[in-house]
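Visitor: Sequence and predicted structure are below.
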Amino acid sequence: MKLSIIAGTITGNRGAEAMLTTVIGLFRERYKNPEIHVFSYYPKEDRLLVRQPNLTIHSSMPRSLVFQLMPGALLFWVCTKLHALKLMKGLVPASVQALAESRVLIDLAGVSFIDSRLKFLPFNMLSLLPAMLCGTPVVKFSQAIGPVHHPLNRFACRMVLRHVHRIYARGDETEAFLQDAPVRADCLARAADVAFLHQPAFSLTQENSNRVEQSREQLLAVRSRVKVVIGICPSAVVAAKARKQNWNYIALLFRMVEHLVKQGCGVFLFPNATRQSQIPLLRNNDLSVIEDVVRYARTCKLDCENLIFVNYDINTVGIKSLLQECDGVVVSRFHAMIAALSLAKPLLVMGWGHKYREVMRLFQMEDQVFNYRRYALPDILERLDQLIASREELAEQINRCLPVVRESSRTQFNETFQWLEMDEDQR
């Protein structure tokens, strides 16, 4: 079995890491020594962290898509049409050769083809077109797509998505958007997020395990002093938007921390995107936001004895191990939400798009999602208090729904495995 995976990384966004390692782990469970090619947005960093047999990391950075994958795939397509594949050997890059020889390309884009993100349309399209030119079927695993009303977006969907073998909508809103989009109805299905099936054994890295253990010991010490520990996951994406829109996201986070600390709660600030070597940068790097919040707290002379924070690279396994010590979680990162739900941790989601609502709806908890820009600070603090007061009931509700959600996530794997194992004529 040879497969390719795109839109997943190890470095940076830990939601992408959770999805990528889950796909690799489940394929390795199903097939003996599969040959896996990962097309990563951070290829250099990922190669430094992961060196395993039968796992090759290629670049899917924009310049690689434009100047390597797309031209190489076009050359492959021309040679195929001319029945001159022998001429192709040595001419196309190894990454294109790997893509052409793969049984399937699995796309792990968390969000794609969205009207409000038109600047990413070229990347969304170029992530898939090389595989299509090489004749490799594309399966888009569970993700959020749409709305698809803008003419450019509808054109992109018509050009690309209608040629995808299978698209798994992450929830009911994405499914509705796709039903209204110019894509084939027979390729649509619904499945919960891939990361609901993440297991510690799937991890490909050991990142700062000693520091993770130190943080866990600190959290245990805090737990011995307080009744409740609340985890808060900020978002570098929101921080970047706030800077452009000239409003103080760091102050909002600090007021939440201050409110909890003054009530006698412990607070755990954690990231879901880390690039420790580039902390001043915000792209895929929540560590910068956390440092700003902590600096703000110290400047305001807040008692930080019960404030624990992560300021180092940490993988999904490390994040989830620390979340185990929390009684509730407030998140602005999508896969921090998935991690909390996977651990049955009651949570409050400071989200801004349908991707949050449609997942929380699976747990009958859509009312736990709110847009932070539409709430005044007193309302946000009140919702924090409600989270603490109802944490046991919320945890029970998550536990009731988790088995069904995990089974939904598993369908995309079961169906893909069955399809790959069909005879060529059946496929």
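Guide: Structure's in. What do you need?
Visitor: For my notes, confirm Lys32 occurs in a helix.
Guide: No - read with DSSP: H, G, I helix; E, B strand; the rest coil, Lys32 is coil and lies in no helix.
Visitor: Could you give the number of residues near it?
Guide: 6 (other C-beta atoms under 10 Å). (C-beta placed from N, C-alpha, C; glycine too.)
Visitor: Point out where this protein drops to low pLDDT.
Guide: Within the chain, the ranges that satisfy pLDDT under 70 run 86-89, 279-282, 424-427.
Visitor: change it to 50
Guide: For the chain, applying pLDDT under 50 flags no range at all.
Visitor: how is it carved up into domains?
Guide: With domains defined by automatic domain parsing, the chain comprises 2-199+406-420, 209-389.
Visitor: Dump those domains to CSV, plus distance to Glu396.
Guide: Shown next, in CSV, are these (distance: least, C-beta to C-beta, whole Å):
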stretch, distance to Glu396
domain 2-199+406-420, 17
domain 209-389, 8
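Visitor: Which one, of those domains, ends up nearest to Arg400?
Guide: Nearest to Arg400 among those is domain 209-389 (8.5 Å), distances taken as C-beta to C-beta.
Visitor: what about the closest one, start to end distance?
Guide: The straight-line separation of the ends of domain 209-389 (C-alpha to C-alpha, to the nearest Å) is 33 Å.
Visitor: Please verify my assumption that Gln368 contacts Lys345.
Guide: No - between Gln368 and Lys345 there is no contact under C-beta atoms under 8 Å: 11.7 Å.
Visitor: How many neighbouring residues does Glu213 have?
Guide: Count around Glu213 with other C-beta under 10 Å applied: 13.
Visitor: what about it, which helix or strand?
Guide: In this assignment (DSSP states H and E), Glu213 forms part of helix 209-223.
Visitor: List the buried residues for that helix?
Guide: Applying a neighbour-count criterion of 16 or more other C-beta atoms under 10 Å, one finds Val212, Ser215, Arg216, Gln218, Leu219, Val222, Arg223 buried in helix 209-223.
Visitor: Save those as JSON lines, and put in distance to Ala240 too.
Guide: Below are the buried residues of helix 209-223 laid out as JSON lines (distance: C-beta to C-beta, whole Å):
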{"residue": "Val212", "distance to Ala240": "27"}
{"residue": "Ser215", "distance to Ala240": "26"}
{"residue": "Arg216", "distance to Ala240": "30"}
{"residue": "Gln218", "distance to Ala240": "29"}
{"residue": "Leu219", "distance to Ala240": "29"}
{"residue": "Val222", "distance to Ala240": "30"}
{"residue": "Arg223", "distance to Ala240": "33"}
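Visitor: Neighbours of Gln364, how many?
Guide: Neighbours of Gln364 using other C-beta under 10 Å come to 12.
Visitor: ok, it - contacts?
Guide: Gln397, Cys401 (C-beta atoms under 8 Å, 6 or more residues apart in numbering).
Visitor: and if you look at Arg158?
Guide: Pro182.
Visitor: If you count contacts, what does the helix ranked longest in the chain end up packed against?
Guide: Counting residues, the longest helix in the chain under DSSP state H turns out to be helix 391-420. When contacts are defined as 3 or more C-beta pairs under 8 Å, 6 or more residues apart in numbering; DSSP states H and E, helix 391-420 packs onto helix 14-30, strand 138-145, strand 166-169, strand 188-190, helix 334-342.
Visitor: Would you mark the buried spots in that helix?
Guide: 391, 394-395, 397-398, 402, 405, 408-410, 412-413, 416, 419-420.
Visitor: One more: stretch 142-160?
Guide: Those would be Ser142, Gln143, Ala144, Ile145, Gly146, Pro147, Val148, Asn153, Arg154, Ala156, Cys157, Val160, for stretch 142-160 by 16+ other C-beta under 10 Å.
Visitor: In those, find the pair that's most separated.
Guide: For those, and using C-beta to C-beta, no pair is farther apart than Ser142 and Arg154, which are 22.3 Å apart.
Visitor: still on that earlier bit, now the helices and strands packed on helix 391-420 in CSV, with distance to Arg374?
Guide: Below are the helices and strands packed on helix 391-420 laid out as CSV (distance: least, C-beta to C-beta, whole Å):
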stretch, distance to Arg374
helix 14-30, 24
strand 138-145, 20
strand 166-169, 26
strand 188-190, 28
helix 334-342, 19
